[in-house]
Structures are given as C-alpha cells and as structure tokens.
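*Asks:* This is a predicted model, with the sequence first.
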Amino acid sequence: MPYIIVDNLVKKYGELTAVDHISFTVEKGEIFGLLGPNGAGKSTTLNVITTLTDFDKGEVIIDGMDIRRDKSSIKQLIGMVPQDIAIYDHLNAFENVKFFASLYGLRGNKLIQNSKEALEFVGLSDKMKLQPKKMSGGMKRRLNIACGIAHNPQLIVMDEPTVGVDTQSREHILNSIKLLRDRGATVIYTSHYMQEVEEICDRIAIIDKGKMIACGTEPELVSMVTDVMSVYVETKIPIGFDRDAFCRKIKLMPGIKGIKLEDSVIRVDISIDQNSIERIIQEVINYELPINNIKSEVPNLDTLFLTLTGRELR
Ligand SMILES: Nc1ncnc2c1ncn2[C@@H]1O[C@H](COP(=O)(O)OP(=O)(O)OP(=O)(O)O)[C@@H](O)[C@H]1O
Ligand SMILES: [Mg+2]
C-alpha cells in the first residue's frame with residue numbers, strides 16, 4: 001500500500017474548484033513533486049494533506065490512516081514548511097525552532113538538541129541568536145525550513161521553499177531535501193521551477209487549473225511527448241574517413257533512430273529509454289575521431305507542459 005493515497009480530491013472555494021478530482025500516490029521515502037503555475041492548486045492540495053484545510057470530495061490516506069478520521073495522529077507525522085514564511089519576529093532563530101518543535105511535544109534536552117541540529121542542517125548554526133528582522137530573505141526561508149523539520153517528522157511537506165533565495169541558498173536547500181529523503185523521510189515538494197523539480201524529485205505530478213495533467217518519473221513524463229533525444233558530438237572528420245562503415249556501426253546499437261554526419265558534428269537521434277550515449281562516444285573514440293564537445297538536447301517538462309496545455313509553464 002502506498003504511503004500516501006490522494007483519491008479524487010475536490011476542494012472548492014465558493015464557485016471556484018481549486019482542486020478538481022486530483023489523484024496520486026506517494027511511496028514511503030520518495031521526494032514527490034507537485035509542479036504547476038500560479039493558482040494551479042498546489043498549496044491547496046498540500047493544505048488538505050497537512051490537515052490545515054478541509055475538502056469537499058475524495059479520500060486522503062496517509063500511512064494507512066484516513067485523514068478525516070485520524071486527523072490528530074496524522075498531524076503528528078507531518079512537518080510543514082509553508083509557502084508564506086511563518087516565523088516570529090520577536091524570537092531569535094533558536095527560539096523560533098524550539099517553539100515550533102515544542103508544539104510537537106519535544107521537551108528538555110531533546111528539544112534543545114533537535115533545534116540545534118535543525119539549524120545546523122539549514123546552515124544557520126552561527127545565526128542562532130539572530131532575530132528574523134535582521135535576516136536576509138534566504139536566511140528566513142532556511143529558518144522556516146528548520147522550524148518545520150526539527151521534530152524529525154516522517155513526512156515533510158514543503159511549499160515552494162526556494163522562492164526568493166539566491167543560488168547558493170537554493171542549492172543548500174535542495175541538497176538538504178535530498179539528505180532528508182536519504183535519512184528516510186518522505187517529502188512532498190511544490191514548485192513552479194521545472195529545473196528544481198527535475199533535480200530532486202523521484203516522481204512528479206503536473207497540475208494546472210486544479211487538474212492533474214500528468215504524473216510519473218521525469219523520463220516517463222517526457223516520453224509522453226516524445227521518446228527521442230538528440231546527441232551532438234563536435235569533432236573533425238578527416239578526409240577519407242569511412243562514413244558509411246561508421247554509420248552502420250552506430251545504427252546497430254539499440255535505440256538509434258538516426259545519424260547524420262557533417263564535417264564537424266555528428267548528430268545521433270536516440271530513444272530516451274535506451275540511453276546509448278556512452279556507447280556512441282566509445283565508438284567515436286574507437287574510430288579515433290577527436291571529441292571537441294558533447295551536447296544533448298532532451299525534451300523537458302516545459303516541453304510537456306506546453307504540449308499538454310498550449311501554454312508556457314512560466
Ligand atoms: N482561501 C482561499 N479562498 C478563496 N480562494 C482561494 C483560497 N486559497 C486559494 N484560492 C484559489 O484557489 C486556486 C488555487 O490556489 P493555490 O494557492 O492552491 O495555488 P498554487 O498552485 O499554490 O499557486 P501559487 O504557485 O501561486 O502558490 C487559486 O485560484 C486561488 O485564487
Ligand atoms: Mg502555492
């Protein structure tokens with residue numbers, strides 16, 4: 001049984017159906033991404049899962065428990081990192097983390113230890129005494145994360161945790177999320193940045209206007225639009241080179257859809273699920289052709305979103 005089951009979830013705000021029959025499952029120990037543009041229904045879905053919002057129709061099961069019946073037990077499993085930063089300005093970083101962890105029943109040494117570890121985890125251990133009003137946006141984001149994870153929740157729900165942070169903080173946050181997963185947590189993560197979701201998520205649901213438009217691993221999603229990618233090897237083909245023999249050799253490899261040789265570029269179209277890049281490169285080396293550069297052109301989730309909705313993701 002999957003760790004989380006969301007089945008035909010519907011959430012309305014008056015006339016507006018913010019979440020429109022969304023279904024997905026999340027396995028224990030995976031990073032599951034919800035990707036979608038502004039107003040897609042990401043936060044609303046997360047708010048239902050974290051028991052912050054009620055819903056109109058459907059079923060949500062977490063760790064075998066029904067969210068309608070076992071609300072308080074489910075709450076204990078979850079750490080929430082909200083989209084709108086929720087920290088107290090009059091408390092310093094350490095006091096903020098302690099406060100949120102104490103809400104989950106942590107006391108005494110455990111409370112202090114966990115709070116310190118959470119701050120260390122987000123790279124703020126040297127800012128323990130600092131108040132949020134003196135922090136940069138990126139630091140506040142990181143503190144927001146520390147507050148959500150200090151009680152070591154088995155399910156971590158993060159709503160756009162990287163908005164407004166610089167590249168360095170962003171990388172730090174993304175690496176931390178992977179580390180949390182590697183330590184055994186299950187993570188649900190939302191973003192409208194395709195690259196982030198591609199970088200860290202094991203599986204991805206793409207939602208738009210409240211509806212699920214696709215769900216799967218990145219290669220599965222991309223293969224919904226095309227199953228071909230192109231590899232370009234920049235080289236210098238010498239005069240007298242046996243082009244036919246080389247092309248025949250490449251075409252014998254699994255998943256080769258086509259090959260084109262120009263004087264300085266070899267282009268090979270290959271099927272995505274039969275990734276033969278390594279073998280192609282090996283063959284180029286065997287033929288003693290110089291390799292000046294290697295590029296690949298892979299269709300991505302932006303391509304998928306554009307194909308399915310007719311609009312750009314951003
Ligand atoms: N409390 C609310 N009352 C009324 N409408 C709401 C409320 N919260 C969200 N909505 C509406 O529901 C829809 C989905 O909003 P939601 O916040 O879930 O989107 P989102 O995918 O998280 O977007 P964003 O990327 O901007 O955070 C939007 O049209 C929004 O205006
Ligand atoms: Mg949102």
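*Replies:* Happy to help now that I have it. Ligands and ions are numbered 1, 2, ... in the order given.
*Asks:* Point out the other elements, helices or strands, that the lowest-mean-pLDDT helix or strand in the chain touches.
*Replies:* When the helices and strands of the chain are scored by mean pLDDT, DSSP states H and E, helix 301-309 comes last with a mean of 83. Identification of packing neighbours for helix 301-309 by 3 or more C-beta pairs under 8 Å, 6 or more residues apart in numbering; DSSP states H and E yields helix 194-200, strand 203-208, strand 211-216, helix 218-222. C-beta coordinates here come from the backbone N, C-alpha and C atoms, glycine included.
*Asks:* For the closest residue to Leu301 other than its chain neighbours, which residues are in contact?
*Replies:* Leaving out its chain neighbours, the residue that sits closest to Leu301 by C-beta to C-beta, 6 or more residues apart in numbering is Met194, at 4.6 Å. Residues near Met194 by C-beta atoms under 8 Å, 6 or more residues apart in numbering: Leu35, Asn300, Leu301, Asp302, Phe305, Leu313.
*Asks:* Now do the same for Met194: its pLDDT.
*Replies:* Met194 is assigned 85 on the pLDDT scale.
*Asks:* Neighbour-wise, which one of the contacts of Met194 leads?
*Replies:* Counting neighbours by other C-beta atoms under 10 Å, the top entry in the contacts of Met194 is Leu35, with 28 neighbours.
*Asks:* How about the residues of the chain by ligand 2?
*Replies:* By the rule C-beta under 5 Å from the ion, the part of the chain lying against ligand 2 is Lys42, Ser43, Gln83.
*Asks:* The first one is in contact with Gly36, isn't it?
*Replies:* Yes: contact status for Lys42 versus Gly36: in contact at 5.4 Å, counting by C-beta atoms under 8 Å.
*Asks:* anything in contact with each of the two?
*Replies:* Shared contacts of Lys42 and Gly36, defined by C-beta under 8 Å, 6+ apart, comprise Thr190, Ile207.
*Asks:* Which of the residues of the chain next to ligand 2 sits closest to ligand 2?
*Replies:* Ligand 2 lies nearest to Ser43 out of these, by C-beta to the ion, at 3.1 Å.
*Asks:* my read is Leu91 is in a strand, agree?
*Replies:* No: according to DSSP: H, G, I helix; E, B strand; the rest coil, the state of Leu91 is coil, so it is not within a strand.
*Asks:* got the phi/psi numbers for it?
*Replies:* In terms of degrees, to the nearest 10, the main-chain angles of Leu91 are phi -100, psi 150.
*Asks:* So what's the predicted local confidence for it?
*Replies:* For Leu91, pLDDT reads 96.
*Asks:* repeat for Met229
*Replies:* The model's pLDDT for Met229 equals 87.
*Asks:* same thing with Arg314?
*Replies:* Predicted confidence (pLDDT) for Arg314: 69.
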